[in-house]
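A.B. asks: here is the input, now give the coordinates:
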Amino acid sequence: MRVSLKIDNLPQRTESYAALYDLARNILDPVIEYFGSVRLTYGFCSNNLRKHIKAHIAPHLDQHAAHELNSKRELVCRALAPQWTCLSNTKICKKS
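C.D. replies: Okay, the predicted model is just below:
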C-alpha cells in the first residue's frame, strides 16, 4: 500500500550526494546502457522517511542511508559501500 506522507527524502550530507552520484554514474548508467531500462523499487532512505517504516528494515546493515548521520551524529550504516574505481574512458569498474 502506497501512502503519500510528504516527507523530505533528500540527503543532508555532501558525502551522500557524492556516493549516490557515483552509484548512478559508475554502476546504474553502465547497467542501463548494456541491458536497457531498469526499475528501481528502493533507493535512498532519509532519517525522516525511516521513522515511518515500521518493519523489515535494518538501516545499520544496509546502505540505503548513504553517508547520513543518526541523532547521535554517527553513520546510520556502519558498513559503508566499498569505494569503486573506474578506468578512464571505459565502463570497467573495480573495488578500490
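A.B. asks: what segments of this protein are strands?
C.D. replies: For the chain, applying DSSP state E gives strands covering 84-86, 93-95.
A.B. asks: out of those strands, which gets the lowest mean score?
C.D. replies: Among those, strand 84-86 carries the lowest mean pLDDT, a mean of 51.
A.B. asks: so Y17 makes contact with F44?
C.D. replies: No - Y17 is beyond contact range of F44, at 9.8 Å (criterion: CB atoms under 8 Å). For every residue, glycine as well, the C-beta is placed using N, CA and C.
A.B. asks: where does this protein dip in pLDDT?
C.D. replies: Counting by pLDDT under 70, the chain has low-confidence residues at 1-2, 59-62, 79-96.
A.B. asks: mind redoing it with 50?
C.D. replies: Scanning the chain for pLDDT under 50 picks out the ranges 81, 84.
A.B. asks: picking up where we left off before, joint contacts of Y17 and F44?
C.D. replies: P11 (CB atoms under 8 Å, 6 or more residues apart in numbering).
A.B. asks: between the two, which one's more packed in?
C.D. replies: Taking other CB atoms under 10 Å, Y17 and F44 do not tie; F44 has more neighbours (18 against 15).
A.B. asks: so who does that one touch?
C.D. replies: F44 sits next to 9, 11, 16, 20, 64-66 when contact means CB under 8 Å, 6+ apart.
A.B. asks: what of C45?
C.D. replies: 9, 53, 57, 59, 64-65.
A.B. asks: mind doing that once more with 6 Å?
C.D. replies: Applying CB atoms under 6 Å, 6 or more residues apart in numbering to C45 gives the contacts 64-65.
A.B. asks: what separation do you get for it and I27?
C.D. replies: The spacing between C45 and I27, counted by CB to CB, to the nearest Å, is 18 Å.
A.B. asks: show me where the chain has its helices.
C.D. replies: 14-23, 29-35, 47-50 (DSSP state H).
A.B. asks: which parts of the first one are buried?
C.D. replies: Counting neighbours by 16 or more other CB atoms under 10 Å, one finds that the buried residues in helix 14-23 are 16, 19-20, 23.
A.B. asks: please consider this matter closed, and thank you.
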